[in-house]
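Q: Could you work out the structure for the sequence below:
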Amino acid sequence: MDDPVGTVRRILCVDDDPDARALLEIALATVGGFDLQFCASGEQALGAIPEFAPDLVILDVKMPGLNGPETLDGLRKRSNGSDCPVIFLTAVAQPEILESLGGVGAAAIVTKPFDPMTLADTVREFLDR
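A: Numbering: from 1, shown residues only. As a prediction, the model looks like this:
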């Protein structure tokens, strides 16, 4: 995933909580300089992916309708999103839950609450691997 110097990476952020979306905007756009698009549901995310063509999807686990794992499954079934890495966001930090989330194909898991001043660095480190 090496990008030319100066390329702004695109992140699709999917969370049904408007406060979480606002915090993600601060953490990733204001602090991190990423190009973001927001969706409030898994269904919206699956519709937005072809046009936005994100480099990464940050996906809340618990949402009404399609939850995070279901949205990830839908993403993997689409040719235009099957190789896009996904980071899950979850408020549940129990080891067995985190392990099960890793088993469904998420590249990483970030627990809520996250530090808005360091999330961009965490995401950038992940993208630079």
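Q: Which element, helix or strand, includes the nearest residue to I26 once chain neighbours are set aside?
A: Distance criterion CB to CB, 6 or more residues apart in numbering; nearest residue to I26, sequence neighbours excluded, is P116 at 5.0 Å. Where C-beta positions appear, they are placed from N, C-alpha and C, glycine not excepted. Assigned by DSSP states H and E, P116 falls within no helix or strand.
Q: show me the residues around P116 that make contact.
A: The neighbours of P116, taking CB atoms under 8 Å, 6 or more residues apart in numbering as the test, are L23, I26, A27, V31.
Q: Would you mind measuring from A22 to D15?
A: 10 Å (CB to CB, to the nearest Å).
Q: Between these two, point out the one with more neighbours.
A: Shown here are A22 and D15; by other CB atoms under 10 Å, D15 has more neighbours (25 against 13).
Q: So for that one, what's the nearest residue that isn't a sequence neighbour?
A: D60 (4.0 Å).
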